[in-house]
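J.: Let me see the structure of the following:
(chains A and B)
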Number of protein chains: 2
Amino acid sequence: MSQAIDFYFEFASPYGYLASTRIDDLAARHHREVIWHPIMLGAAFKETGARPLVHTPLKGPYLRHDVPRFARLLDVPFIEPPVMPANSLAASRACVWLEDGAPALAKRFAKAVFHAHWGEGRDIGAPEQVADIAAPLGIERAALLAAVADPAIKERLRAATAAALARGVFGSPFVFVDGEGFWGADRLDQVEAWLARGGW
Amino acid sequence: MSQAIDFYFEFASPYGYLASTRIDDLAARHHREVIWHPIMLGAAFKETGARPLVHTPLKGPYLRHDVPRFARLLDVPFIEPPVMPANSLAASRACVWLEDGAPALAKRFAKAVFHAHWGEGRDIGAPEQVADIAAPLGIERAALLAAVADPAIKERLRAATAAALARGVFGSPFVFVDGEGFWGADRLDQVEAWLARGGW
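T.: Here you go, the predicted structure:
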């Protein structure tokens, strides 16, 4: 098995969602594992001066048309959530918490959050909403709610986001394959080309 | 012949260059014409609060690695120009001037500017540099230099840029096919899918 692919994402990013529906299958076709890394994109936006797309003139209306169109192309569900961008802190902290002892469960949880938020249009801002999404996976509500408020977990997410920025991540999704960074859901075809050819 | 494809670009945009090397062939495969529209992206950046990518933390280093990599994938020449972003005013005005009487020549001129700037790494900021690029196409230097300083031509470019913004254009390249806008060189595959399927 070659080097794993790093998949950085922000739960509040619809393009992160679109990529999340493809990345594991794409990697599996080329016998690669994918490590999922939730990050808080707001920290990157402070560096780059970017604003949430949905609140940006011209880009906001484009996004609201483009994302559902892109979802139809990929044949994945899409319902616009009530709050955009959502506060993804609780979901991201819960994901970091799960990664520690149960990495496979963490990935299933991340997919469930993405699906609930972007596939079903549910808000994920409140810890209780995140616990609702986690419960069907067998994740205990009280443990999740405690983890989300745990200063050690907060710090782990902060450090993971800082490490992502230090590596050059500034958007969602952001994929590293063999040390090469690719930004955007629309770059997964290039990621696949890279894997198929062993670079170019 | 179905409706023409509108291709909006900024000469100072490397992703505009990358798309420019593909758009006509792509359209021809689906029996479509392409209308090329030079715009001054700075006007859109004022609306969206965007900055030139090359001067943006994190995004600048990404662009300098991504563009040559993307060019290798497309098998098109790339040499980083001495000034980024270049002042594209003279080139854009010259293109608007040529479009009026000689649209086919305007497109050949636009391709020559893109090739000189991004394929050969030449600056295009000075009107004389633009005249140098135009001369081999049989475009008279004195006429071009006069056109670039002509208030009526300035106004046509300003109005064309305003019309593009009014249509939702905020980046380069930006392609409209059957009323659908697609932003980015990495979206040409979706443009082609749209043409092949007649939408989705």
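
J.: Contact residues of chain A facing chain B?
T.: A:44, A:47-49, A:51, A:56-59, A:61-62, A:65-66, A:69-70, A:72-73, A:165, A:168-170, A:180-184, A:186-187, A:189-190, A:193, A:200 (Cβ under 8 Å from any Cβ of the partner chain). Every C-beta, even on glycine, is put in place using the N, C-alpha and C of the backbone.

J.: Considering only helices and strands, which part of chain A has the lowest mean pLDDT?
T.: The element with the least model confidence among the helices and strands of chain A, by mean pLDDT, DSSP states H and E, is helix A:41-48, at a mean of 87.

J.: how far is that helix from where the chain is centred?
T.: Counting by Cα atoms, centre = their mean, to the nearest Å, helix A:41-48 is centred 15 Å from the centre of its parent chain.

J.: what does stretch A:41-60 give?
T.: From the chain centre to the centre of stretch A:41-60 is a distance of 16 Å (Cα atoms, centre = their mean).

J.: swap in stretch A:60-73?
T.: 17 Å.

J.: Send me that stretch as PDB with only the CA atoms.
T.: Taking Å, rounded to 0.1, in the frame of the first residue of the first chain, the C-alpha atoms of stretch A:60-73 are listed here in PDB:
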ATOM      1  CA  GLY A  60     -22.800  33.700  -3.100                       C
ATOM      2  CA  PRO A  61     -25.400  33.400  -5.900                       C
ATOM      3  CA  TYR A  62     -23.000  31.400  -8.000                       C
ATOM      4  CA  LEU A  63     -22.400  28.900  -5.100                       C
ATOM      5  CA  ARG A  64     -26.200  28.500  -4.500                       C
ATOM      6  CA  HIS A  65     -26.600  27.500  -8.200                       C
ATOM      7  CA  ASP A  66     -23.400  25.600  -8.600                       C
ATOM      8  CA  VAL A  67     -23.500  23.300  -5.600                       C
ATOM      9  CA  PRO A  68     -26.900  21.700  -6.400                       C
ATOM     10  CA  ARG A  69     -25.900  21.400 -10.000                       C
ATOM     11  CA  PHE A  70     -22.600  19.700  -9.000                       C
ATOM     12  CA  ALA A  71     -24.500  17.400  -6.700                       C
ATOM     13  CA  ARG A  72     -26.800  16.400  -9.500                       C
ATOM     14  CA  LEU A  73     -23.800  15.600 -11.700                       C
END
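
J.: for chain A, which spans come out with low pLDDT?
T.: A:1 (pLDDT under 70).

J.: the strands in it, which residues?
T.: Counting by DSSP state E, chain A has strands at residues A:5-9, A:34-38, A:174-177, A:180-183.

J.: if I look at A:R32, how far off is A:F109?
T.: When Cβ to Cβ, to the nearest Å is applied, the distance between A:R32 and A:F109 equals 21 Å.

J.: So between those two, which is more surrounded?
T.: Applying other Cβ atoms under 10 Å in any protein chain shown to A:R32 and A:F109 shows that A:F109 carries more neighbours, namely 25 against 19.
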